[in-house]
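K.L.:
Quick one, structure for this:
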Amino acid sequence: METTLHYIQFSEIGVTFAVIVAAMTFVVLTWNAVRAILDWRTLAKKPTDDRMSEQDGRIDDHEKRITALESCCEEVHGKLKADWDFKQEEKEFNVIMLEAVGQLMKHALDGNDTDGLKAADEKIDKYLREKSQR
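P.N.:
Take a look at the predicted model:
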C-alpha cells in the first residue's frame, strides 16, 4: 500500500493574497491592542483628572456647593434652636397655666382658697412680664 501526500499548491496570486490578508490582520490586531492600552491608561488617569484639574472649574464648583450647603445647615440649625427654645417656653407656660387651673378647681370645690388663686395670678403676671422683656 502506497500512501501519497497531496500538497496544496498555491499559485503566485494565492500566496500574494494570503500575505496581504495576514498583513491586514496584523495591522488590525496591533491597532486594537494599542487602542486597548490607551483606553486602560485613560481609565487609570480619570480619577486624578476629576480631582486635580482646575481648568474645568470642577474644584471651584465643588467649593461653592460645599459653602452653600454649610450656610444652609447653619440656617437650619438656627431655626431648629429657635423652635426648641419656643417649645421649652411653651412647656413652662403650660405648667403655670395648669397650676392656675388647679387653684381654680380648689377654689370652686371649697370656695375658701383665695391665697392659692392670688399666688397663681402672681406667677402668671411674673411670667408674662419676663416674656415681654425678652
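
K.L.:
secondary structure element for the spatially most central residue of the chain?
P.N.:
Closest residue to the average C-alpha location of the chain: L69 at 10.0 Å, with C-alpha atoms, centre = their mean. L69 is located in helix 58-110, with elements delineated by DSSP states H and E.

K.L.:
Show the average pLDDT along that helix.
P.N.:
Mean per-residue pLDDT for helix 58-110: 85.

K.L.:
starting at the chain centroid, how far to it?
P.N.:
On the basis of C-alpha atoms, centre = their mean, to the nearest Å, helix 58-110 sits 26 Å off its chain's mean C-alpha point.

K.L.:
The chain should start at 5 in everything you say after this.
P.N.:
In the new numbering, first residue 5, that becomes helix 62-114.

K.L.:
got the angle for whatever helix or strand comes next after that helix vs helix 62-114?
P.N.:
Counting by DSSP H and E, the element after helix 62-114 in chain order, helix or strand, is helix 118-137. With axes from the mean of the first three to the mean of the last three C-alpha atoms, to 10 degrees as the basis, helix 118-137 and helix 62-114 are set at 160 degrees to each other.
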